[in-house]
Structures are given as C-alpha cells and as structure tokens.
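In: What shape does this take:
(4 chains)
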Protein chains: 2
Amino acid sequence: MPSASARSHREILSDLLTRIVDDEFVPGATLPSESALAQSYGTTRGTVRRALAGLQTRGLLTPVQGSGWVVRSSRQHQSFDELRSFAQWARGKRMVPGGRVHAADFGEASAYEARRLRIGVRSRVLRVTRVRTLDGRIVMLERTCYPEWIADRVATIPGDEASVVEALSRDFGVITAHADHAMDVVAVSSTDAELLGVRRGGPLLRVRRVSCTPGGAPIEYGEDRYLPDTVTFVVSASRSSTALSRSVAD
Amino acid sequence: MPSASARSHREILSDLLTRIVDDEFVPGATLPSESALAQSYGTTRGTVRRALAGLQTRGLLTPVQGSGWVVRSSRQHQSFDELRSFAQWARGKRMVPGGRVHAADFGEASAYEARRLRIGVRSRVLRVTRVRTLDGRIVMLERTCYPEWIADRVATIPGDEASVVEALSRDFGVITAHADHAMDVVAVSSTDAELLGVRRGGPLLRVRRVSCTPGGAPIEYGEDRYLPDTVTFVVSASRSSTALSRSVAD
DNA sequence: CAGTGGTCTAGACCACTCA
DNA sequence: GAGTGGTCTAGACCACTGA
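Out: Okay, the predicted model is just below:
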C-alpha cells in the first residue's frame, strides 16, 4: 500500500520502486491509473506523472496510451553516482574495490586531450595511471587526464584512495553532474599487457569518458580498459528516454 | 528567432534544436529564461520545460538552478530508430548497409534464450545468422533468435532485406518500442573467425539485445559482434536522465 | 462508450544564484 | 533582492484502447 505521507514526486517514485522491486507489481502487470495513484497519494496527476516518468527512464515502466502503465522489469538500474565512480559501483555490488597508482606526472595536453577538456593545446595537465582491482583481482587499467584548474587538488589525493570521485566531492566540493561515455574494443598493447598481467593482442573493452561539473566545465578525460568477463555495460533504451547513440569510430 | 507557430512541446524542441545546431546558441551559452521562451513561443512554462527536458535527455542542455539552461553540446545524438536498426543507422551516416543471411534454422530455445524472450524452454524459435557490411566492408556478425509468435513472419523476409526492423514494421505492423542492450568484449571464436574473415583470439565488441513491443512482449534476442575500429557506442549520462548502467558480467 | 494516458494552461510558492 | 529554475496544484481537452 502507498505511504500516506508520500507527496513529492521523489517519494512517490521511491514508493512505487519499492513496490515493484518487492513484486507487488510484477513484470507485465498494469499499474493503477494515474488518477487512482494521484488520489491514493493525496496529490495530483502531474506529480504522479513525474514519478512515473522517472521510473520509465530507469527502464522499469512503460506507458501504453489508452491502457495504462506496464511494468517492464523489476531489476533496478544503477544510479548515476554508481556509474560515475568505480568504487561506489563496486560497493553497491558488495565487492571490495582496490587499486594502486602506477604513475602520476604533469605534462602538456595533446591535441586530442585539449579538445576533450576544452583547454588549450600544451596546457599543463596531470596524467594518472591506475590499476583497479575488485576483490583483489585486477579488472581494469585507468588512464586519467586532469586539466590544470583541478590538477593540484587531485595531486594531493593519496594514491590508495579508493574513490577519487568521492574525495573530490568531499574535500573540494567538485561534483560531477554529467559524463559522456564512448565504448569500443581494442587489443591489449605491450604496455597494457605488462600492467594487467595478460598477453598482448587479446580483447579489452575501452571506455573513454569526459566528466563535467553542473556548469559544464570538464573535470577529467579518462580512458578505462577492462579485461573480458569483468564488466558489461547495460543500456535500457526507448523511443523517448535514452541518450545512447552509436557512432562511427574515429 | 522562434517560429511564431511553434506551440507544442515537440515544435518548440525542434525549433530550439535547430537553433542550437545552427550555433545561434553555442556550447557554454545560457538560453533565455523559461518565462521568456514561454512568452516568445506563445505558450506556458510547463510546455517549454517539456521541450527543454527533451533536449536535456538528448545531451544538448543542462539546467543550472538559479541561473539558467546551459548549452552543453551542439552534437545531435541519434534517434531510437537509428539505434535500433543497423540499416537506418548506416543510412543516417550516409553509408551503404549490406549483408547476407548465412543461416536460418528453426530449433528449440535454450534456457538462456527462453529467459531473455520470456518463453518456455525448448519452445520453437527461429535462429538467423547474418553478416553485416558497411560500404561493402564486413563490420559485424549478427545472431538473432525470434520467438515462435513472430518467427513465421520473419521467415518470409528476403535474405537480402537491408532492414529487418523496417520490414517487420512495414509489412506486419510489429514495432519496437524498447530495447535493452548489454555491451562487453569477447575474443574471436573459430566460427566467428571464418565468417568475419579475421584471425582467432582478437577482440570483438559484443552487444546483446532484447527488443520489445510497446506492450513489453519480446520480439527478438540478438547478439552482435563488431570488429574493432568499426563502431563506438556513446552514452550521455547525467544525474537525472540516463538509463545506462554497468553490471558484473554473468 | 467509458476509461486510459498525452498534452496544455495558469497560476502559486520554494530553493537557489549572483550582482 | 531580483531573477532563475524546481515543484506542485487544479483543471481542461484530446487521442487512443478495449469491452
């Protein structure tokens, strides 16, 4: 039953989410009508629709005009924070994230890095290479490039800090609001092979990423290389709700 | 300047989109306030906000509370149809899609296929293997599994049909409304090697996909294997708008 | 045809940003 | 403190579904 106190769209979303995850509404079933929900939550259709739209975006519901809202899945997708941070994602999965910094050096931005970070070519940047582990097993090689405005702050973060994202937010108030990801596949290079402890030529999933502040200022350009059988990226797409796109490799 | 006739949220969205793509508003710039836009389009804030939310989902805009809507990018993301259909995507990129059916056989659903398609184990399914080309070059190997309710209709589609998705919609009225994608990386198997014309052991980007009707009925389970340097998947994520998630490979 | 979601209006108050 | 986006209300009409 609905929480009598749920009036904001967030509360309604979280209440419906709980009820779906708890199988009160199973996949394939139709929810009560928007008007009925509005009445039972003591609010209006507009507010209920905001909550439903949120669950649609998360891939749990789909609207069928003239019929009702159908439960599409009861599997909860991950939050943006979990997507953004390796450590937060790992903890959400009850796994122990670890890793070590292999190298951290200042240098000049390449043309590619400069374009991604929207800074001048040859501006000062900090490049950090980390090897990431899950439950002690190596899963990923991460190369990150930070623009000068944040580089000095990043440099003070200890090499064994599990979550750089958390540290940036906690210690410096720098928050990630957006991230663009590009996913493709590459072969293991000689350098990769040494750091990851695998043979050359094998498959790696590469994720290139630019994270930005709420104002749109790029915080970092990162390139992650995952070993096979370690992670899968899942995208739930529908006509009106996803920003996934497929593009020609450049 | 705004089209005087733009009154629905779709029209406003498309007008703003044009103005952003045409660099009337460049990345980093702030749009006129919601109230100002509402007035100039002859509508209300609510309608304008729907349009803005759509552009946010597409990764073009981001709201900054107390300040305004900031242009984040002027690169247009692809539509759901382009994501869904290899042929439509290729045409959007001005490339020529091609391919041939290598095998098409009826068989019994495996436990995995049955779970994905929400049908009984050992139900009758149609399995089709296609090799896909772009501008004549082999880029992808596609294995698709169709449940019985649609299999006979799929079987009538010619092997050289460029877009199965289009054919299903055009000839049978079967429309894809959702698709869940899981992306990871695998090594080239001996079978793959033969069909794709590459050596064993190299990297392939694997995309597993379940497409559903508006009512949520699975239409197909597909597994695509892309050669390196052919496609990249791009995801634009923010705190409130994307369904991308990262999960442990199973 | 009754009931559903899709859309739009017109207003209100709040939280936040920035000069 | 003026102006911005964030939220919510209370209603209206439309397009569509399904019995």
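In: can we go C-alpha only for contacts and neighbour counts from here?
Out: Will do.
In: Centroid-nearest residue for chain A?
Out: A:Leu83 (1.9 Å; Cα atoms, centre = their mean).
In: before we move on, what SS does that one have?
Out: The local conformation at A:Leu83, judged by DSSP: H, G, I helix; E, B strand; the rest coil, is helix.
In: I'd say it and A:Arg91 touch.
Out: No - with the criterion set as Cα atoms under 8 Å, A:Leu83 and A:Arg91 do not qualify as a contacting pair; they are 11.8 Å apart.
In: how about A:Met140, what does it touch?
Out: With contact taken as Cα atoms under 8 Å, 6 or more residues apart in numbering or on different chains, A:Met140 is in contact with A:Val131, A:Arg132, A:Thr133, A:Leu196, A:Asp224, A:Arg225, A:Tyr226, A:Leu227.
In: Tell me which strands the helix or strand where it lies pairs with, and in which orientation.
Out: Remark: A:Met140 resides in strand A:137-147, with elements defined by DSSP states H and E. When pairs are called by DSSP bridges, strand A:137-147 turns out to pair with strand A:124-134 (antiparallel), strand A:218-226 (antiparallel).
In: Go through those strands and name the closest to DNA strand C.
Out: strand A:218-226 (16.1 Å; Cα to the nearest atom of the strand).
In: Which element is encountered next along the chain beyond that closest one?
Out: Tracing the chain past strand A:218-226, the next element assigned as helix or strand by DSSP H and E is strand A:231-238.
In: Can you confirm whether that following strand lies near DNA strand C?
Out: No - using Cα under 7 Å from any atom of the strand, no contact is recorded between strand A:231-238 and DNA strand C, whose separation bottoms out at 12.1 Å.
In: how distant is that strand from the center of its chain?
Out: Its chain's C-alpha centre and that of strand A:231-238 lie 11 Å apart, by Cα atoms, centre = their mean, to the nearest Å.
In: elements contacting it?
Out: strand B:178-187, strand B:245-248 (3 or more Cα pairs under 8 Å, 6 or more residues apart in numbering or on different chains; DSSP states H and E).
In: cutoff 10 Å now
Out: Using 3 or more Cα pairs under 10 Å, 6 or more residues apart in numbering or on different chains; DSSP states H and E as the contact definition, the elements that strand A:231-238 packs against are helix A:45-57, strand A:203-212, helix B:80-84, strand B:178-187, strand B:203-212, strand B:245-248.
In: need the least confident one among the ones you listed, by mean pLDDT.
Out: Taking the mean pLDDT of each of the helices and strands packed on strand A:231-238, the lowest value is held by strand B:245-248, a mean of 64.
In: Where does the residue nearest to A:Val128 when sequence neighbours are not counted sit: helix, strand or coil?
Out: Counting by Cα to Cα, 6 or more residues apart in numbering or on different chains, the nearest residue to A:Val128 once its immediate chain neighbours are dropped is A:Ala104, at 4.3 Å. When states are read from three-state DSSP, the local structure at A:Ala104 comes out as strand.
In: Check what pLDDT A:Ala104 gets.
Out: Reading off the per-residue confidence, A:Ala104 sits at a pLDDT of 94.
In: pretty sure it is touching A:Asp152, no?
Out: No - with contact defined as Cα atoms under 10 Å, A:Ala104 does not reach A:Asp152; the gap is 11.6 Å.
In: Which neighbours do those two have in common?
Out: Common neighbours of A:Ala104 and A:Asp152 are listed as A:Leu126 (criterion: Cα atoms under 10 Å, 6 or more residues apart in numbering or on different chains).
In: one step back: among the strands paired with strand A:137-147, show me which one is buried the most.
Out: Here the criterion is mean neighbour count by mean count of other Cα atoms under 10 Å in any protein chain shown, and of the strands paired with strand A:137-147 the winner is strand A:218-226, at a mean of 23.
In: Which residues of chain A lie near DNA strand C?
Out: With Cα under 7 Å from any atom of the strand as the criterion, chain A comes near DNA strand C at residues A:31-35, A:46, A:63-69.
In: repeat that for 10 Å
Out: With Cα under 10 Å from any atom of the strand as the criterion, chain A meets DNA strand C at residues A:30-38, A:45-46, A:48-50, A:52-53, A:62-70, A:214-215, A:240.
In: per the record, what domains does chain A have?
Out: The record assigns chain A these domain ranges, following automatic domain parsing: A:9-71, A:80-226.
In: Kindly reformat the ones you listed as CSV and extend each row with distance to DNA strand D.
Out: Listed next are these as CSV, based on distance: least, Cα to the nearest atom of the strand, whole Å:
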stretch, distance to DNA strand D
domain A:9-71, 3
domain A:80-226, 10
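In: I'd like to know which of those domains lies nearest to B:Glu166.
Out: Proximity of the domains of chain A to B:Glu166 was assessed by Cα to Cα; the nearest stretch is domain A:9-71, lying at 21.6 Å.
In: got the end-to-end distance for the closest one?
Out: Start and end residues of domain A:9-71 are separated by 18 Å (Cα to Cα, to the nearest Å).
In: close to chain B, is that domain?
Out: Yes - using Cα under 10 Å from any Cα of the partner chain, domain A:9-71 reaches chain B at A:27-28, A:54-59, A:61-65, A:67-71.
In: Report the distance from that domain to the chain centre.
Out: Centre-to-centre, domain A:9-71 and its host chain are 24 Å apart (Cα atoms, centre = their mean).
In: Which of the helices or strands spans the residue lying farthest from the centre of chain A?
Out: Summary for chain A: using Cα atoms, centre = their mean, the residue whose C-alpha lies farthest from the chain's mean C-alpha position is A:Gln39, with a distance of 35.0 Å. Mapping A:Gln39 onto the secondary structure by DSSP H and E places it in helix A:34-41.
In: now that helix against helix A:45-57, angle please.
Out: Orientation check (axes from the mean of the first three to the mean of the last three Cα atoms, to 10 degrees): helix A:34-41 against helix A:45-57 gives 110 degrees.
In: So which other helices or strands are in contact with helix A:34-41?
Out: For helix A:34-41, the elements it packs on are helix A:9-21, helix A:45-57, judged by 3+ Cα pairs under 10 Å, 6+ apart.
In: ok, back up a step: can you name the next helix or strand after the strand holding A:Met140?
Out: Toward the C-terminus, strand A:137-147 is succeeded by helix A:148-155 as the next helix or strand (DSSP H and E).
In: Which residues outside that following helix are in contact with it?
Out: Residues outside helix A:148-155 that contact it (Cα under 10 Å, 6+ apart) are A:104-106, A:108-109, A:119, A:123-128, A:145-146, A:164-165, A:167-168, A:171-172, A:174, A:218-220.
In: give me that answer again for 6 Å
Out: Contacts made with helix A:148-155 from outside it, assessed by Cα atoms under 6 Å, 6 or more residues apart in numbering or on different chains, are listed as A:Arg124, A:Val125, A:Leu126.
In: Check which residues of it are buried.
Out: A:Glu148, A:Ile150, A:Ala151, A:Val154, A:Ala155 (16 or more other Cα atoms under 10 Å in any protein chain shown).
In: could I get those as TSV with distance to B:Ser8 and pLDDT?
Out: Output for the buried residues of helix A:148-155, formatted as TSV (distance: Cα to Cα, whole Å; pLDDT from 0 to 100):
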residue	distance to B:Ser8	pLDDT
A:Glu148	44	91
A:Ile150	42	91
A:Ala151	45	91
A:Val154	46	90
A:Ala155	50	90
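In: rewinding a little: can I have the buried ones of the residues of chain A next to DNA strand C as a PyMOL selection?
Out: If you want just the buried ones from these in PyMOL, going by 16+ other Cα under 10 Å, the selection is:
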select buried, chain A and resi 30+31+34+37+38+45+48+49+50+52+53+62+63+68+69+70+214+215
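In: Setting aside sequence neighbours, what's the nearest residue to whichever residue of chain A sits closest to DNA strand D?
Out: Checking chain A residue by residue against DNA strand D with Cα to the nearest atom of the strand singles out A:Ser8 as nearest, at 2.8 Å. Using Cα to Cα, 6+ apart and skipping the chain neighbours, the partner closest in space to A:Ser8 is A:Thr47 (7.1 Å).
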